[in-house]
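>>> Pasted the sequence and its predicted model underneath.
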Amino acid sequence: MEVRTRFAPSPTGYLHIGGLRTALYAFLFAKKHGGKFILRIEDTDRERLVNQASEIIYRTLKDTGLVYDEGPDVGGPYGPYIQSERKDIYREYAQELVRRGAAYYCFCTKERLGGLRTQCEAKGKQFKYDKHCLSLAPEEVQKNLDAGVPYVIRQNIPTEGETTYSDMVYGDITVPNSDMEDNILLKSDGYPTYNLANVVDDHLMGITHVIRGIEYLSSTPKYNLLYKALEWDVPQYIHLPPVMRDKHAKLSKRHGDASYEDFIAKGFLSPAILNYIALLGWSPSGNQEIFTLPELIDAFDVSGISKSPAIFDVEKLTWMNGEYIRALSEEEFISTAMPYFEQAIDPDKFDLPLLTRLIQPRLEVLTDIPGKVAFLGKMPDYGIDLYNHKKMKVTPESALVNLKEAYPVLRDLPEFSETALHDAMMGLVQRLGIKNGQLLYPLRVAISGVAVTPGGAIEIAYLLGKHETLSRLEKSIELLKKQLV
């Protein structure tokens, strides 16, 4: 039997972290077993649709490398893969369920249902449909249909007994039939609910393993009653623990929690995001934490999926992202970082390989780049208190003395290379009889205007070039003279 899994998101906005993890696990399980991974768009909840959301889903899955074998934009033998294009199929099976007694037409008005809900609330009971229309005579049903009376089709859940199934993570799950409601299968607008559409589509598309969130764990028995009524094989189930914002609240795009695209915009790398969410609720057999996608496929096993909720730790993701940034080759880093460099500087004016060597080891997210290099593009205004450094025994007064000594040395350098700069400054340190930091720290402040830079004074001077370095140094000396009078 070929393993076939599916990811079936609703196009209601950006792909949130929990949804992407579901897609990842479905992908990993299928590929681990040499099977197929299918994308299906479940767009039957027409009121919640978001324009262009399907395109975001396609783009996100392709960006992360979760390439689907069948789907709306790639085709396949079981299409269409968009539920709104399958309405006739759902109607056919809803009517078949009616013929088999597993469903029935319901003509109840909003007013009647509202009154029933009010009665339940008054008694402190949870609302549950009372099977009122199940008792309608066939003649009355047909009369209503002929007259065009609006209707829905409801599932006819047995009132006695219980339904049991086995989940590959949570084991045997049993739900009393009396706990389940006669949910709507086909709405009055002709669109199916999830209850019907996911069963029909999973069967017709040959899905062997259904991988989805734990919120469906207790409702799966009612889906299995539909499989049984239609005499179809029930797929195997893998329900996933929730991803939590903290100990009390789930991550949810409805509540504004970050989506995949939000993290990309914050400077996280796609492989790092994917690697991190793989570990949200799943533990590999060893101690390895950094995985390529092929390594995840090889390591993935359902036995490693936890039953406990997983807490989304942004600090851990940030650490992992830093590891991925540092693992990039120089060429990869420059290409990836270029849009961020361009936000603050003209990259063509600087030695990018040197800047890469200085900044790459210090980065955790790409969005830190503009702030770290902005001083190269424009010298910021600063106060002379920045020259105070107790540990190095630097004060604005000592800084002025040493910078005045450094200026002619830098001005007269015939070659402004890193080696020449280093040799000249070390020679000046020896001549003045001071420690390295007593010259290099104030020099760095004087030509950068900031206390912390990616690299020291010599690298910064080389990056800026002779003309800009001397211009900045001259202005800083004048600032110190003015402020110390």
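All right, it came through fine. Numbers count the residues shown, from 1 in each chain.

>>> which stretches of the stretch 151-300 of the chain have low pLDDT?
252-257 (pLDDT under 70).

>>> And the helices in it?
Ranges of helices in the stretch 151-300 of the chain, per DSSP state H, counting those that start in this stretch, are 194-204, 220-229, 260-265, 270-278, 293-299.

>>> In JSON lines: those, plus mean neighbour count and distance to residue 177.
C-beta coordinates here come from the backbone N, C-alpha and C atoms, glycine included. Formatted as JSON lines, these follow (neighbours: other CB atoms under 10 Å; distance: least, CB to CB, whole Å):
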{"stretch": "helix 194-204", "mean neighbour count": "21", "distance to residue 177": "15"}
{"stretch": "helix 220-229", "mean neighbour count": "19", "distance to residue 177": "8"}
{"stretch": "helix 260-265", "mean neighbour count": "18", "distance to residue 177": "39"}
{"stretch": "helix 270-278", "mean neighbour count": "22", "distance to residue 177": "36"}
{"stretch": "helix 293-299", "mean neighbour count": "16", "distance to residue 177": "40"}
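
>>> Need the contact partners of the helix or strand hosting residue 429.
Per DSSP states H and E, residue 429 falls inside helix 418-432. For helix 418-432, contacts defined as CB atoms under 8 Å, 6 or more residues apart in numbering pick out 354, 402, 405-406, 409-410, 413-414, 435-436, 438-440, 443, 457-459, 461-462.

>>> Then stretch 82-94?
Against stretch 82-94 from outside (CB under 8 Å, 6+ apart): 40-44, 46, 54, 72, 80, 103, 153, 185-186, 190-192, 196-197, 200-201, 204, 230.

>>> Could you give me the ChimeraX syntax to select whichever of those residues are buried?
The buried residues among the contacts of stretch 82-94 can be selected in ChimeraX (16 or more other CB atoms under 10 Å) with this line:
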select :40,41,42,43,44,54,72,103,153,185,186,191,192,196,197,200,201
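
>>> I'd guessed residue 283 sits against residue 308; true?
No: look at residue 283 against residue 308 with CB atoms under 8 Å: they stay out of range, at 10.8 Å.

>>> Mind listing the shared neighbours of those two?
Common neighbours of residue 283 and residue 308 (CB under 8 Å, 6+ apart) do not exist.

>>> So between the two, which is more surrounded?
Using other CB atoms under 10 Å as the criterion, residue 283 and residue 308 rank with residue 283 on top: 13 against 9.

>>> Neighbours of the residue nearest to the more buried one when sequence neighbours are not counted, how many?
The shortest distance from residue 283 to any non-neighbouring residue, by CB to CB, 6 or more residues apart in numbering, is to residue 304 (4.9 Å). Residue 304 has 13 neighbouring residues, counting by other CB under 10 Å.

>>> Need the pLDDT of residue 304.
For residue 304, the model assigns a pLDDT of 96.

>>> thinking again about what came up before, out of the contacts of helix 418-432, which are buried?
Taking 16+ other CB under 10 Å as the criterion, what is buried in those is 402, 406, 410, 413, 438-440, 443, 457-459, 461-462.

>>> so which of those residues would you say is closest to residue 362?
When these are compared for distance to residue 362 (CB to CB), residue 459 wins out at 12.7 Å.

>>> contact partners of the helix or strand containing the closest one?
Per DSSP H and E, residue 459 falls inside helix 457-464. Helix 457-464 is contacted from outside by 350-351, 354-355, 358, 376, 410, 416-418, 421-422, 425, 439-441, 443-444, 447-448, 453, 455, 469, 472, using CB under 8 Å, 6+ apart.

>>> So what's the gap between that helix and the chain middle?
Taking CA atoms, centre = their mean, to the nearest Å, the mean C-alpha location of helix 457-464 is offset from the chain mean by 38 Å.
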